[in-house]
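1. build me a model from this:
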Amino acid sequence: MSDTPNILIWDLETGYNVATIFSLFNKRPIPPDAIQQERYIICGAYKLLGQGSTRAISLLGDLDRFREDPTDDSYVVRELHKVLSEADALVAHYGDNFDSRYFNTRAVFHGLDPLPDIPQIDTYKIAKGKFLFNSNRLDYLGKFLGLGGKISTNQELWARCYRGEQKAVREMVAYNKQDVDLLEAVYQKLAPYAHQAQRKVNMNLWFGDNNVCPTCGSDNLHRRGYRYTRVSEFARFQCQACGSWSSAPINTEGKLGKIR
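-> Reported below is the predicted structural model:
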């Protein structure tokens with residue numbers, strides 16, 4: 001086990017489904033056999049929480065393949081699979097409902113093995129479960145919290161990627177990277193409010209016998225009284241770095257267990 005967990009912030013940008021339709025006003029769902037081109041992954045951006053810069057894997061990583069078919073995402077999926085497999089935990093916005101599930105869809109399509117069972121922290125679920133924001137979209141959260149917003153773009157960018165424009169893919173990569181940078185900042189703001197089940201990672205598991213904040217890993221903890229359940233007593237702590245609360249069980253001899 002490394003000194004600190006590899007918590008990977010990540011985000012996908014996907015291309016269009018292309019389907020044949022008779023009318024723009026058809027109220028019935030488009031049947032699957034109308035699909036002429038399945039959506040695909042244009043790029044995936046990622047960075048380790050609090051470390052280094054944001055990187056991206058895009059269709060341009062295999063330029064010959066891109067020139068032949070700008071919707072062939074086999075290179076992107078294969079390389080992202082390697083990156084994600086090394087993570088101890090993932091952070092994504094709406095990732096439980098989209099990013100992870102869609103990545104698995106493309107991985108199984110290309111015959112890759114499943115990813116390890118990696119815990120994923122979904123900032124959308126933290127925002128929805130712990131707050132009452134007017135919107136839980138990443139762009140809104142970033143602006144509301146004073147962290148900035150997403151890069152402004154329009155649907156034409158996705159169309160240009162579909163047509164095989166290399167410049168459009170590079171623009172999409174920049175858009176994708178900004179999303180990850182914004183996501184990291186939003187996560188750091190919201191994480192102290194998340195309850196234990198939403199945090200997924202206890203930083204104490206990487207710090208041996210020293211008790212640290214389970215959210216951010218800081219050892220600057222102040223003890224703040226006790227909390228009780230029907231059968232147990234816990235010492236309560238507040239982190240002076242990120243502000244989150246945590247607690248440690250007290251055994252029958254009065255000794256503290258691991259903070260969680």
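2. can we go C-alpha only for contacts and neighbour counts from here?
-> Noted.
3. quick check: closest non-adjacent residue to residue 244.
-> Sequence neighbours aside, residue 192 is the residue nearest to residue 244 in space, at 4.2 Å (criterion: Cα to Cα, 6 or more residues apart in numbering).
4. cool, and residue 181?
-> Nearest residue to residue 181, sequence neighbours excluded (Cα to Cα, 6+ apart): residue 54, at 7.1 Å.
5. which ones are touching the one you found?
-> Residues in contact with residue 54, defined by Cα atoms under 8 Å, 6 or more residues apart in numbering, are 45, 46, 47, 177, 180, 181.
6. change it to 7 Å
-> Contact analysis of residue 54 by Cα atoms under 7 Å, 6 or more residues apart in numbering lists 45, 46, 47, 177.
7. please name the bridge partners of the first one.
-> Per DSSP bridges, the residues bridged to residue 45 are residue 11, residue 56.
8. what is the nearest of the contacts of residue 54 to residue 65?
-> residue 45 (20.0 Å; Cα to Cα).
9. so who does that closest one touch?
-> Taking Cα under 7 Å, 6+ apart as the contact definition, residue 45 lies against 10, 11, 12, 54, 55, 56, 57, 176, 177, 180.
10. most neighbours of all these, which one?
-> Ranked by neighbour count under the definition other Cα atoms under 10 Å, the contacts of residue 45 are headed by residue 10 with 29 neighbours.
11. how close does that residue get to residue 133?
-> 23 Å (Cα to Cα, to the nearest Å).
12. same question for residue 25.
-> Applying Cα to Cα to residue 25 and residue 133 gives a distance of 34 Å.
13. higher neighbour count, those two?
-> For the pair residue 25 and residue 133, the greater number of neighbours falls to residue 133 (12 against 7), based on other Cα under 10 Å.
14. excluding its backbone neighbours, what's nearest that one?
-> Here the residue nearest residue 133, using Cα to Cα, 6+ apart, is residue 127, at 7.4 Å.
15. from residue 215, how far off is the one you found?
-> 16 Å.
16. buried ones in stretch 150-170?
-> Along stretch 150-170, the positions that meet the burial threshold by neighbour count (16 or more other Cα atoms under 10 Å) are 150, 157, 158, 161, 162, 164, 165, 166, 168, 169, 170.
17. which two in these are spaced the farthest apart?
-> Using Cα to Cα, those span at most 23.6 Å, a distance reached by 150 and 164.
18. list the contacts for the spatially most central residue of the chain?
-> By Cα atoms, centre = their mean, the mean C-alpha position of the chain lies nearest to residue 92, the distance being 1.5 Å. Taking Cα under 7 Å, 6+ apart as the contact definition, residue 92 lies against 9, 10, 11, 121, 122, 123.
19. then residue 260?
-> By Cα under 7 Å, 6+ apart, the neighbours of residue 260 are 202, 214, 246, 247, 248.
20. in helices, which of the residues you listed fall?
-> Cross-referencing these against helices under DSSP state H gives no overlap.
21. most surrounded residue in those residues?
-> residue 214 (26 neighbours).
22. pLDDT score for that one?
-> Reading off the per-residue confidence, residue 214 sits at a pLDDT of 85.
23. what do you get for residue 209?
-> If you check residue 209, the pLDDT there is 64.
24. all strands of the stretch 101-250 of the chain, in order?
-> 120-122, 221-228, 233-239, 245-249 (DSSP state E, counting those that start in this stretch).
25. possible to save the ones you listed as JSON lines with mean pLDDT and distance to residue 86?
-> Below are the strands of the stretch 101-250 of the chain laid out as JSON lines (pLDDT from 0 to 100; distance: least, Cα to Cα, whole Å):
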{"stretch": "strand 120-122", "mean pLDDT": "95", "distance to residue 86": "13"}
{"stretch": "strand 221-228", "mean pLDDT": "88", "distance to residue 86": "30"}
{"stretch": "strand 233-239", "mean pLDDT": "90", "distance to residue 86": "28"}
{"stretch": "strand 245-249", "mean pLDDT": "87", "distance to residue 86": "28"}
